[in-house]
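*Asks:* Pasting the sequence and the predicted model now:
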Amino acid sequence: MKLLLGDNFENKFYESEFSKCNGYIRINRYAPRNSNKEIEAFGKHTDISCVTILFQDEIGGLQMKSKRRDEWIDVKPLEDALLVNIGDFMQAWSNERLRSAEHRVVLKQNVKRFSLAFFWTFGDDDREVYAPREVVGEGNTRLYKPFSTKEYRAFRENNYGKIVGTPIREFAGVLESQH
Ligand SMILES: O=C(O)CCC(=O)C(=O)O
Ligand SMILES: [Fe+2]
């Protein structure tokens, strides 16, 4: 993150922007399904978080969408490894220096699977997300208008399964060509 956001990132922004984040844990349990057909067990989505830290068990199945090639890439489980994923709030706050990758879970075997996701995110109280000028950088276009975390959560809930593009861009993006 330091590399992408500059040297002073921690001193300057951590306290003011992210110290009021909350952590939530979600335990995902995928039950066996009486079939050996491949299924999408967790549909494609981006996380409503600043940062997500994910543990998946040895079964695997997590896939990330590659931005460049527009294809799904398997994230192979590694013993003792956690996956750090950027969420939508961080994508907007960083003016897309950091990207919230689309991901999903595809199961090929008829076995149970378990994953544990820790979401580091703005709490249930409402707050405004707005990329600081220094993060946008001089001469760069601001890609998001300021938005409320509460309204974004409501937008995601009300549009579950309906959004074709990038949800955070649909909601707060300012450039038509970005959609
Ligand atoms: O089960 C997984 O590996 C992914 C879970 C996930 O993407 C989530 O909980 O947001
Ligand atoms: Fe996720």
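*Replies:* Structure's in. What do you need? Ligands and ions are numbered 1, 2, ... in the order given.
*Asks:* out of everything not next to it in sequence, what's closest to the residue of the chain positioned farthest from its centre?
*Replies:* Each residue of the chain has a distance to the centre, and by C-alpha atoms, centre = their mean the biggest one is for N34: 31.1 Å. Of all residues not flanking N34 in the chain, N110 sits nearest, at 7.0 Å (C-beta to C-beta, 6 or more residues apart in numbering). Every C-beta, even on glycine, is put in place using the N, C-alpha and C of the backbone.
*Asks:* so that neighbour makes contact with A31?
*Replies:* No. Counting by C-beta atoms under 8 Å, N110 stays clear of A31, with 10.0 Å between them.
*Asks:* quick one: which of those two has more around it?
*Replies:* The residue with more neighbours, out of N110 and A31, is N110; 12 against 9, by other C-beta atoms under 10 Å.
*Asks:* just checking, what packs against the host helix or strand of G23?
*Replies:* Secondary-structure assignment from DSSP states H and E places G23 in strand 21-30. In terms of contacts (3 or more C-beta pairs under 8 Å, 6 or more residues apart in numbering; DSSP states H and E), strand 21-30 is packed against strand 39-45, strand 103-107, strand 113-122.
*Asks:* switch the cut-off to 7 Å
*Replies:* Other helices and strands packing on strand 21-30, by 3 or more C-beta pairs under 7 Å, 6 or more residues apart in numbering; DSSP states H and E, are strand 113-122.
*Asks:* What are the contacting residues of the strand it packs on?
*Replies:* With contact meaning C-beta atoms under 7 Å, 6 or more residues apart in numbering, strand 113-122 is reached by 21-30, 47-57, 59, 61, 87, 89, 107, 149.
*Asks:* From those residues, list just the buried residues.
*Replies:* 21, 30, 47-54, 56, 59, 61, 87, 89, 107, 149 (16 or more other C-beta atoms under 10 Å).
*Asks:* filter those residues down to the ones close to ligand 1.
*Replies:* Filtering the buried ones among the contacts of strand 113-122 for proximity to ligand 1 by C-beta under 6 Å from any ligand atom leaves 47, 54, 56.
*Asks:* How about the secondary structure of N140?
*Replies:* At N140 the chain is in coil, as set by DSSP: H, G, I helix; E, B strand; the rest coil.
*Asks:* typo on my end, E17
*Replies:* Quick answer, by three-state DSSP: E17 is helix.
*Asks:* I'd guess E157 is in a helix, am I close?
*Replies:* Yes. E157: assigned to a helix according to three-state DSSP.
*Asks:* let's have the chain start at 13 instead
*Replies:* OK, 13 is where the count begins now, so the last one is E169.
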